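S.K.: Please find the sequence and the predicted model below.
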Amino acid sequence: MQSDEIEAAALALAPEARLRLTHALVRSLESADPEIIRGLWLNEAERRNAEMDEGAVDGIPGEQVLARIRAKYP
């Protein structure tokens, strides 16, 4: 099964099952090599930066993000 098929199947799960799966996946990374995790996050940051540079996505000012979070979680 390919990762896109796994993702589609996971997204079709009930919210509680998705939460359990997410928790299990995150826990599984605790034993991963920190350098591998660091590299994955670096790749993700570079991908997102490229999207911003290309105009594929619009950024949201940090102050606005924090205001939304504060409003949602007072």
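M.R.: Received it, and whenever you're ready, just let me know what you need. Numbering: from 1, shown residues only.

S.K.: just the helices in this structure please.
M.R.: Using DSSP state H, the helices found in the chain span residues 3-11, 15-29, 34-54, 62-72.

S.K.: Any chance of these in TSV with mean neighbour count as columns?
M.R.: C-beta: built from backbone N, CA, C; applies to glycine. Shown next, in TSV, are the helices of the chain (neighbours: other C-beta atoms under 10 Å):
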stretch	mean neighbour count
helix 3-11	10
helix 15-29	10
helix 34-54	10
helix 62-72	9
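
S.K.: Make TSV from the ones you listed and add mean pLDDT to it.
M.R.: Below are those laid out as TSV (pLDDT from 0 to 100):
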stretch	mean pLDDT
helix 3-11	96
helix 15-29	95
helix 34-54	96
helix 62-72	96
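
S.K.: Quick one: distance of stretch 59-74 to the chain centre.
M.R.: Centre-to-centre, stretch 59-74 and its host chain are 18 Å apart (C-alpha atoms, centre = their mean, to the nearest Å).

S.K.: Would you mind listing the outside residues contacting that stretch?
M.R.: Residues from elsewhere that reach stretch 59-74 (C-beta atoms under 8 Å, 6 or more residues apart in numbering): M52.
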